[in-house]
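Undergrad: Please work out how this folds:
(chains A and B)
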Amino acid sequence: SQQGEEDPQALSIQEGENATMNCSYKTSINNLQWYRQNSGRGLVHLILIRSNEREKHSGRLRVTLDTSKKSSSLLITASRAADTASYFCATDAATDKLIFGTGTRLQVFP
Amino acid sequence: DTAVSQTPKYLVTQMGNDKSIKCEQNLGHDTMYWYKQDSKKFLKIMFSYNNKELIINETVPNRFSPKSPDKAHLNLHINSLELGDSAVYFCASSRLFQGAPPYEQYFGPGTRLTVT
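TA: Numbers count the residues shown, from 1 in each chain, chains lettered A, B, ... in the order given. Predicted coordinates for the structure are as follows:
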């Protein structure tokens, strides 16, 4: 069954603006991961946040995790046209496999 | 150097045919996966091998048979192809330590399978 759902499904912004994507999940997790998928390409790992962490940064990316609400958010600051892609959250649901969410399609206009 | 590679990139075939997709990783990982991504971009795990041993086998028709000749290779053979098999198939690899949650996965470029 599907574990994660991203919101919004699609997001369009101008270069320089910030983009925020949310992920909600259903059951307890060990870790939550975010991946990016450019059109016609495979997924690329962006960041992993553990269940005992609340916030993590990597360059222009900021991820938060609220285990009480079973939700996470991915913030991309000062977006660029090259950030145009689909973004997926993935949870492990305390098992040995990742379950991916439905994805958010981000379009950044120059 | 490509970390996870798949061949072919595109595969167009007719219903009823049998086809294979190959995957190789040069990251030294011990675990490899097959995922199916449908037209709505929904990504679902199909199989996982750890050290050539099948550890995840989701509810997949038995027309799909994975084979791992060694830790660096994981192939997917599909018998009697159906229209509904049309999708993008991704191979991935990762480290996996027993009892530990999944680490980051490295994905191949995907194989777009079109069944006509």
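
Undergrad: List the pairing partners of the lowest-mean-pLDDT helix or strand in chain A within its sheet, with orientation.
TA: Using mean pLDDT, DSSP states H and E, strand A:4-7 stands out as the lowest-scoring helix or strand of chain A, at a mean of 82. Strand A:4-7 pairs in its sheet with strand A:19-25 (antiparallel), by DSSP bridges.

Undergrad: Which positions in chain B make contact with chain A?
TA: Proximity of chain B to chain A, by CB under 8 Å from any CB of the partner chain, involves residues B:4, B:40-45, B:48, B:55-56, B:90, B:92, B:96, B:101-110. From N, CA and C alone the C-beta is placed, and that goes for glycine too.

Undergrad: From these, which land in helices?
TA: With helices defined by DSSP state H, no entry of these lies inside them.

Undergrad: Give me the most central residue, chain B.
TA: Nearest to the mean C-alpha position of chain B, by CA atoms, centre = their mean, lies B:W34 at 2.5 Å.

Undergrad: My read is that that one contacts B:Y89, right?
TA: Yes. Look at B:W34 against B:Y89 with CB atoms under 8 Å: they come within range, at 6.4 Å.

Undergrad: what do the two both touch?
TA: By the contact definition CB atoms under 8 Å, 6 or more residues apart in numbering or on different chains, B:W34 and B:Y89 are jointly contacted by B:L76.

Undergrad: where along chain A do the strands fall?
TA: Secondary structure of chain A, counting by DSSP state E: strands at A:4-7, A:10-14, A:19-25, A:31-37, A:43-50, A:55-58, A:61-66, A:71-76, A:85-91, A:99-100, A:104-109.

Undergrad: Just name the most buried of the ones you listed.
TA: Among the strands of chain A, ranked by average contacts under mean count of other CB atoms under 10 Å in any protein chain shown, first place goes to strand A:85-91 (a mean of 25).
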